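Undergrad: Next comes the sequence, and after it the predicted model I'd like to discuss.
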Amino acid sequence: HGDVSAKFCSRRSADALRPLPPRLQSPDVFATAGTTICDNRISIWSSGDLGNAGLNGEYHGEPRLLCDIQHNGDVMDMQFLDQERIVVASSTGTVTIFRHHQNNQTLSANHRWEKAHYHVDQDTSCGGAACTGVVCSNPEIVTVGEDGRINLFRADQKDAVRTIDNADSSTLHAVTFLRTTEILTVNSIGQLKIWDLRHQRNEPSQIFSLAGDRVPLHCVDRHPNQQHIVATGGQDGMLSIWDIRQGTMPVSLLNAHEAEMWEVHFHPSDPDHLFTCSEDGSLWHWDASTNVSEKPSFLHQGGRSTAYLSHSTINQSVVSAWLSNDPTKDRMEITNLIPNQTLSVNSLDVLGPCLVYGTDTEAIYVNRQLFA
Amino acid sequence: GPGRARAARAGRWVRRRAGRDAGRMGGAGPGAADEHRPVTVVPGAVPRRQLCFAWGPAEVLVCETLFGRAGTGEGAPSTSRVFVVRRDQDIYIQTLRKLFNESHGIFMGLQRSEEELAGKSRKAQLVQVSKNYRSVIRACMEDMHQAAISTRDPALQGQYSTQVSILSAMELIWNLCEILFVEAAAAGPLLLRLLDWVRLHVCDVDSMVREVLSSENPSKHKLFWNVVDIFVLQGRMDEARHLLSKEASANPTSMNMYKILDDLMKKMPVPSLGNTQTLTELELKWQHWHEECQRYLQDGTFASNPHMESICKILLGDEDAILEKKELMTTWYHFLVTRLLYSHPTVKPMELRFYAQSSMDLFLGGESSPEPLDMILMAAFEFEMHQVIKECSIVLSNWWFVAHLTDLLDHCKLLQSHNLYFGSNMREFLLLEYASGLFSHHSLWQLGVDYFDHCPQYGRVYLELHIERIPLSTEQKALKVLRICEQRQMHEQVRSICKIMAMKALRNNRLGSALSWSIRAKDAAFATLISDRFLKDYCERGCFSDLDLIDNLGPSMLLSDRLTFLGKYREFHRLYGEKRFPEAARLLLTLMTAHIAPCSFWMTLLTDALPLLEQKEVIFSAEQTYELMRCLEDLTSPNPGSAPFQDDDVETTKVEMLRLALARNLARVIVKEGTVEGS
């Protein structure tokens, strides 16, 4: 599958990893983090895709470490705030902004909210609660944690702008933006909640939940163009697609992994493609474009590039493939991108033709030719 | 800390080997008792102070005692420290984690590999696995080497260099085992493999060659003949001839001599890898060539050039001539291979032991005694596989090497006859030790799980013991541990982990999380405990916390009676809130009559009935009212079996109010029902 290069980081890598927002066309820099106790580090890597690096004859397929810095506690999640700043969620409950100085390739802690998440009492020496998820929309940062708390920070303000204590009675596992003022959270009793941050009421504006056994949900992502389409992944490895305009239950439940689904991501620019990774050591590529591209292939029998163009225009007009009644049968093309992997794939991210993922064998992998 | 303990053990490789035949296989190994092993000093402990200890799964807790210090009591500092002494300290070396992680994948591949593959293809597969292991060792060595170069800290540099030498020794041993045991090369190809082995591991000649070739006049370079000799000693004839041609062109007087030597070198018969010639053919050719060399030497062709003469002697396998180049060979096993090349090219595997022993004796010449590495290689040449594993266990500071090598040899079906007097077999014993070491590491423990899975006899027990001791720092980690247990039907461990997590959540006042953990473990007793906490909170505050959870219990409500009650009671409140009074009333009554509600809660339920009794509309039917009355009487009548009803003023007033309300309701309902039925 394409050109996958691996790098063993020699530390529990990649419980969370994110490519930088694209500069030019290729996402050539990404960040990883480890989750070991005593030597946790945040690292910035260059994926080694230096384009025409033939000049110095030193083209390396391997990702290259640019810089790293110590981090306190396991990294539970991380997100780029902008080109230079990364927000990191720690198992100690602390949320930190790190700045990547690109001129001299160093990392430094830019701002820190100690114990943004905590149990019982924020001032006691112990009692930090793991911050499980973070999402940014510069300058706003939203974090959720095992304490069921939601925090809204602004990168330039010392104190939290808003805190919803006891927002959830169970653990909040992940958070993402729905719109600029609304967020989505998933929790450990199978609920998907919408919160409107403009409202002062400390209650969700809508609650969706799985029927039957309340299987915990671990991850959530929103369709980049059609904001009413939301994907979540659960403890049983099931992928749920929700249409938040209607009903309180998922539109479709797709049998997927055999164990916890840790992350789900729509491809940011080609959202008919979805990627999920799991504790069972697999990483799946869900391609819902096949049923759409059948038709245009009659219209445009040109080269590959035309097919690709028609593809992207169709995205906006046709009802999303994700909401069609029967997305499982013979329509969705699903590929496991890593056969034979035995240990958990904890994190993934995708941007342009690049896929980055990190596993429990302390390695990160970069696949640069996703659609090749 | 582990760092210090590691420092104390650094440089073990160079330690003199201790009593070869002492101890028994398997009992030896890192941290195991061996009567010849040196004392391990606990760094930081007061010397000569009595220590006490307790065994852990992969560690030993050691602490200082006051024993034996009587009389010095007051003057001495009264520090009492506890030390954690680890058995497999290599696990904690950063740069080795790549080795552990990558080899895990190879190990898993080997376990999955097809045993059915017959003969040659199976052997090829096993050789490939062996090569993969070696390439991981080499990659690690490379990284370690880079780290040693780039660091400025001399202590760290020393540490890295030590690791490089240990890794390189491991690779050297593994490679030899691969040739002799895994591939089991036959006479002929065996020699070629050994030559490759020597070429790969003898410190690189290449830099010396480059220096010589880049000089203005190579043949005049002081290292010129050294390089030629090295090529000859390693059997690299083409390269040797290429260099010699430079000498010939620079020195026309020796042209004739050169041509003869060059011809001899060109004609030297070598074993082939294919089936193009039989061993007998080779031996015949060899004999012929040997005689030709002998002739030239005897008629003094090379007499005027001592360098060329010595090369000719080497070609003839002259032991003294070869030994003269001791400095260039540096090791006895290089000497052994050179000697075999020029005197016994068709050596059979079983003959190796004689040549190996005599080569070592000749090479060391009584000047120095063999190092542990020498003894391991010797054991390999003697085909004493168990001895190799035993020696490596004693000498190496990690279990990685022996565990993986033994597993590979076991897959080659070479170790089956050997049974230990304890445990199951050697493969499993070593894998268990290695995996136990992994489990003591905060992030490598997940690799250990797979190793335990492939230990049929004791793996499960080990896993059960270790998995319960993983610190559950975050819920995510707990989920990972839980998944491992669930996949293996380890119900006891699943229960215990969920209980730990539920207890933690309860302590943090996270009732919702606590409940979802006990639901996952199907732990009814704990669910009851948490439900009681919810109900207690309700009684104290008059409102429910965590409504999002209680309203969405779903089928999990049936896990415990108390949980069912909690869910139903909350449903009552919801119905009441939605002004669906008849339904609310029916539910409330059922909670008591069907004994869903605990008796201690009945008073609260009856009090909840009060506002319903006071509604304008009549809600409870006559029959329902009688039932409510019976409930109240059951509660207030002194029952010999149950605790006496509390008879304070508040309660008495409450009971009186209830009776009054019930009586009034009964009156109203009789009138109403009478009217309705009458009409």
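TA: Structure received. A quick note: this is a predicted structure, and the numbers were derived from the prediction, not measured. Numbers count the residues shown, from 1 in each chain, chains lettered A, B, ... in the order given.

Undergrad: Spatially nearest residue to B:Glu171 (excluding sequence neighbours)?
TA: Excluding its sequence neighbours, the residue lying closest to B:Glu171 (Cβ to Cβ, 6 or more residues apart in numbering or on different chains) is B:Ile137, at 4.5 Å. The way it works is simple: take the backbone N, C-alpha and C, and place the C-beta from them, glycine included.

Undergrad: and the one you found, backbone torsions?
TA: B:Ile137 has phi and psi values of phi -60, psi -40 when expressed as degrees, to the nearest 10.

Undergrad: you'd agree it is up against B:Met170?
TA: Yes: with contact defined as Cβ atoms under 8 Å, B:Ile137 and B:Met170 form a contacting pair (5.8 Å).

Undergrad: can you pull out the strands in chain B?
TA: All strands of chain B, identified by DSSP state E, fall at B:51-55, B:59-64, B:82-86.

Undergrad: rewinding a little: so if I had to pick from B:Ile137 and B:Met170, which one is more boxed in?
TA: Neighbour count, other Cβ atoms under 10 Å in any protein chain shown: between B:Ile137 and B:Met170, B:Met170 has more, with 26 against 23.

Undergrad: distance of the closest residue to that one other than its chain neighbours from B:Lys413?
TA: Spatial nearest neighbour of B:Met170, excluding adjacent residues (Cβ to Cβ, 6+ apart): B:Phe401 at 5.2 Å. Distance, B:Phe401 to B:Lys413, using Cβ to Cβ, to the nearest Å: 21 Å.

Undergrad: When those two are compared, which one has more neighbours?
TA: B:Phe401 (28 against 10).

Undergrad: which residues touch that one?
TA: B:Met170, B:Ile173, B:Trp174, B:Cys392 (Cβ atoms under 8 Å, 6 or more residues apart in numbering or on different chains).

Undergrad: List, one by one, the residues from the stretch 201-350 of chain A near chain B.
TA: A:207, A:209, A:211-214, A:216, A:235, A:259-260, A:279, A:340, A:342-344 (Cβ under 8 Å from any Cβ of the partner chain).

Undergrad: Any of these buried? List them.
TA: Buried members of these, counted by 16 or more other Cβ atoms under 10 Å in any protein chain shown: A:Ser209, A:Arg214, A:Pro216, A:Gln235, A:Ala259, A:Glu260, A:Glu279, A:Thr342, A:Leu343, A:Ser344.

Undergrad: Looks like the first one contacts B:Leu549 (just checking).
TA: In this case it means A:Ser209. No: the criterion here is Cβ under 8 Å, and A:Ser209 misses it with B:Leu549 at 10.8 Å.

Undergrad: between those two, what contacts are shared?
TA: Residues within reach of A:Ser209 and of B:Leu549 at once, by Cβ under 8 Å, 6+ apart, are A:Ile189.

Undergrad: if I look at the closest residue to B:Met592 other than its chain neighbours, how far off is chain A?
TA: Excluding its sequence neighbours, the residue lying closest to B:Met592 (Cβ to Cβ, 6+ apart) is B:Cys631, at 4.9 Å. For B:Cys631, the distance to chain A equals 32 Å [Cβ to the nearest Cβ, to the nearest Å].

Undergrad: repeat for B:Glu367
TA: Using Cβ to the nearest Cβ, B:Glu367 is found at 41 Å from chain A.

Undergrad: SS state for A:Gly233?
TA: strand (DSSP: H, G, I helix; E, B strand; the rest coil).

Undergrad: Could I get the contacting residues of it?
TA: By Cβ under 8 Å, 6+ apart, A:Gly233 lies in contact with A:217-220, A:239-240, A:256-257, A:260-264, A:276, A:278.

Undergrad: give the contact list for B:Leu482.
TA: B:Val494, B:Ile497, B:Cys498, B:Arg520.

Undergrad: If you drop the residues flanking it in sequence, what lies closest to the closest residue to chain B within chain A?
TA: At 2.7 Å from chain B, A:Ser169 is the closest residue in chain A, using Cβ to the nearest Cβ. Nearest residue to A:Ser169 in three dimensions, chain neighbours excluded: B:Gly512, at 2.7 Å (Cβ to Cβ, 6+ apart).

Undergrad: Thought A:Leu172 was touching the one you found, still the case?
TA: No: using Cβ under 8 Å, B:Gly512 is not in contact with A:Leu172; the gap is 10.7 Å.

Undergrad: what sits in contact with each of the two?
TA: Common neighbours of B:Gly512 and A:Leu172, using Cβ under 8 Å, 6+ apart, are A:Gly148.

Undergrad: What separation do you get for B:Gln298 and B:Lys313?
TA: 11 Å.

Undergrad: between these two, which one's more packed in?
TA: Using other Cβ under 10 Å, the more surrounded residue of B:Gln298 and B:Lys313 is B:Lys313, with 19 against 8.

Undergrad: surely that one meets B:Leu297?
TA: Yes: in this structure, B:Lys313 is within contact of B:Leu297 by Cβ under 8 Å, at 6.7 Å.

Undergrad: that older thread, can you pick out the most distant pair from the contacts of B:Leu482?
TA: Distances among those were taken as Cβ to Cβ; the most separated pair is B:Ile497 and B:Arg520, at 9.4 Å.

Undergrad: More neighbours: these two, which one.
TA: Taking other Cβ under 10 Å, B:Ile497 and B:Arg520 do not tie; B:Ile497 has more neighbours (25 against 22).

Undergrad: Now the more buried one. Nearest residue, chain neighbours left out?
TA: Ranked by Cβ to Cβ, 6+ apart and with sequence neighbours excluded, the top spatial neighbour of B:Ile497 is B:Leu482, at 5.4 Å.

Undergrad: How much space separates B:Cys392 from B:Val337?
TA: Distance of B:Cys392 to B:Val337, given as Cβ to Cβ: 21 Å.

Undergrad: again with B:Asp532
TA: B:Asp532 sits at a distance of 78 Å from B:Val337 (criterion: Cβ to Cβ).

Undergrad: and what of B:Asp374?
TA: 15 Å.

Undergrad: So which of these two has more stuff around it?
TA: Neighbour count, other Cβ under 10 Å: between B:Asp374 and B:Val337, B:Val337 has more, with 28 against 18.

Undergrad: For the more buried one, give its distance to B:Met385.
TA: 21 Å.

Undergrad: helix/strand/coil for A:Gly358?
TA: Counting by three-state DSSP, the backbone at A:Gly358 sits in strand.

Undergrad: unless I'm mixing things up, it is touching A:Ile364, no?
TA: Yes: here A:Gly358 reaches A:Ile364: they are 4.6 Å apart, a contact under Cβ under 8 Å.

Undergrad: the more surrounded of the two?
TA: Between A:Gly358 and A:Ile364, counting by other Cβ under 10 Å, A:Gly358 is the more crowded of the two (28 against 23).

Undergrad: low pLDDT regions in chain A?
TA: Across chain A, residues meeting the criterion (pLDDT under 70) sit at A:1-39, A:47-62, A:122-126, A:290-320, A:324-331, A:372.
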